[in-house]
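Peer 1: Got a predicted structure plus its sequence, pasted below:
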Amino acid sequence: MANKYRGEVDLTIAGKTFTPRLTMDRIMRIEDQLGSIVSLAMRMAQGQAKFMEVVKLIELSIANDKGDAPLTTEQVTEAVLESGLGAVIPALSELLLVALRGRPKEEDKKGKNEAAVAT
């Protein structure tokens, strides 16, 4: 299960759930291959992202910090084709939003817990 305080999201493709998270190293790899992460986020939000950008974003965001991905590009491509873009775009959009606005703060978590206890 994704921990939003670490900047994680849940992404389910082809029946498997992954927990992508953008680290500085992963962001640099994404930008090396896909261009500015800000531009990518804008294209994603406007429905202008290319299919292979979606595939590469998934592949790079689920890779470990050494760049080793649990799935090959071909496997990610097949999984996205099986699941459909509509199933993956919301999670990827949220992932990119975390990179743009930052991770939620721990004090936000504490405030929500206190509010839940008070009700």
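Peer 2: Cool, got the structure.
Peer 1: how about low-confidence regions in this protein?
Peer 2: Counting by pLDDT under 70, the chain shows low-confidence ranges at 65-67, 106-119.
Peer 1: residue ranges for the helices of it, please.
Peer 2: Ranges of helices in the chain, per DSSP state H, are 24-34, 37-45, 51-62, 73-83, 85-101, 106-118.
Peer 1: Could you work out which of these reaches nearest to residue 11?
Peer 2: Residue 11 lies closest to helix 85-101 among those, at 4.3 Å (C-beta to C-beta). In this view, the C-beta of every residue, glycine as well, is placed from N, C-alpha and C.
Peer 1: tell me the angle that closest one makes with helix 73-83.
Peer 2: Computed with axes from the mean of the first three to the mean of the last three C-alpha atoms, to 10 degrees, the direction of helix 85-101 lies at 120 degrees from that of helix 73-83.
Peer 1: Can I get helix 85-101 as CSV, trimmed to CA atoms?
Peer 2: The C-alpha coordinates for helix 85-101 follow below in CSV (Å, rounded to 0.1, in the frame of the first residue of the first chain):
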residue,chain,number,x,y,z
LEU,A,85,-4.4,4.1,-20.5
GLY,A,86,-7.5,5.2,-18.5
ALA,A,87,-6.4,2.8,-15.7
VAL,A,88,-2.9,4.2,-15.3
ILE,A,89,-3.1,7.9,-16.1
PRO,A,90,-4.7,8.9,-12.7
ALA,A,91,-2.0,7.3,-10.7
LEU,A,92,0.8,8.7,-12.9
SER,A,93,-0.8,12.1,-12.7
GLU,A,94,-0.8,12.0,-8.9
LEU,A,95,2.8,10.8,-9.0
LEU,A,96,3.8,13.8,-11.1
LEU,A,97,1.8,16.2,-8.9
VAL,A,98,3.8,15.0,-5.9
ALA,A,99,7.0,16.0,-7.7
LEU,A,100,5.5,19.4,-8.5
ARG,A,101,3.9,20.3,-5.2
